[in-house]
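Okay, predicted coordinates and the sequence, questions at the end:
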Amino acid sequence: MKWNEHINYLYKIAKTTCYQILKSFKTNSASILTKLFKTYVRPKLEFSTQIWSPHLKKDINKIESVQRSFTRHICSRCNISYTSYNDRMIKFGLKSLEYRRWEFDLLTLYKIINGKYKSFFNQFFNFSQNKYQLRGNNLKIKCKHDFQNSQWQGAFFHRAKAMWNRLPQDIVSCEGVEQFRLKLKRFDLNTVNTSKTHYFST
């Protein structure tokens with residue numbers, strides 16, 4: 001279950017699309033270029049990430065480098081000063097691609113837990129019976145199967161479960177998908193994900 005070839009393929013088509021956008025659109029509007037990236041590039045890098053989301057730092061950085069490079073080009077073309085990649089994301093109202101994959105994972109897991117894919121939940125998860133876990137929430141889950149290898153540690157079942165169990169009660173107890181999505185957007189997932197990647201400053 002390695003995704004090297006898939007990630008390399010996505011990287012190539014995303015970079016090609018970025019080049020085509022910058023070549024075809026002569027605009028100096030940062031907002032227009034950002035919208036073009038969101039519309040034509042980002043979906044290529046985010047389709048079904050719950051399945052193939054990378055766990056190796058080199059692959060995470062490779063995917064992230066597409067957005068990192070494009071935002072540099074925007075600043076260069078539009079004469080916008082910046083100090084770092086994080087600064088560029090703030091200026092253009094973007095989140096890192098890794099962060100967005102965390103959101104996709106949790107949204108999918110919420111749907112699984114709340115009955116949309118109930119058979120899937122029963123096949124792979126159980127609710128935790130440990131009443132003495134004080135941190136997080138009272139809807140903690142555990143995997144029915146566990147394997148001691150890097151592929152499993154990076155798989156959806158393991159990574160999404162770990163973040164879900166650290167979410168506050170008011171988020172996991174939302175009564176609908178849209179409410180969950182909105183509360184998740186207001187919450188800083190960096191506080192519940194200990195495996196986040198630190199990107200190059202530029």
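Arrived safely, thanks for sending.

from the middle of its chain, how far away would stretch 12-31 be?
Here the centre of stretch 12-31 is set off from its chain's centre by 23 Å, with C-alpha atoms, centre = their mean, to the nearest Å.

For it, buried residues please.
Residues 14, 17-18, 21-22, 30 are the ones in stretch 12-31 that count as buried (16 or more other C-beta atoms under 10 Å). Where you see a C-beta, it was placed from the backbone N, CA and C, and this is true even at glycine.

mean confidence score for that stretch?
The average pLDDT within stretch 12-31 is 97.

same thing with stretch 124-133?
78.

Would you mind writing the CA trace of that stretch as CSV?
The C-alpha trace of stretch 124-133 is given here as CSV (Å, rounded to 0.1, in the frame of the first residue of the first chain):
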residue,chain,number,x,y,z
PHE,A,124,-13.4,-1.4,11.3
PHE,A,125,-14.2,0.5,14.6
ASN,A,126,-15.6,0.2,18.1
PHE,A,127,-16.5,2.9,20.6
SER,A,128,-14.0,3.0,23.4
GLN,A,129,-15.2,1.7,26.7
ASN,A,130,-12.6,3.4,28.8
LYS,A,131,-14.5,5.8,31.1
TYR,A,132,-11.3,7.3,32.6
GLN,A,133,-10.1,9.0,29.5
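
which residues sit against that stretch?
Stretch 124-133 has contacts (C-beta atoms under 8 Å, 6 or more residues apart in numbering) with 112-113, 139-145, 157, 161, 165.

As a check, name the ranges of all helices in this protein.
With DSSP state H, the ranges of helices along the chain come out as 4-24, 30-40, 42-46, 49-52, 57-78, 85-92, 97-113, 118-124, 150-153, 156-164, 169-172, 177-186.
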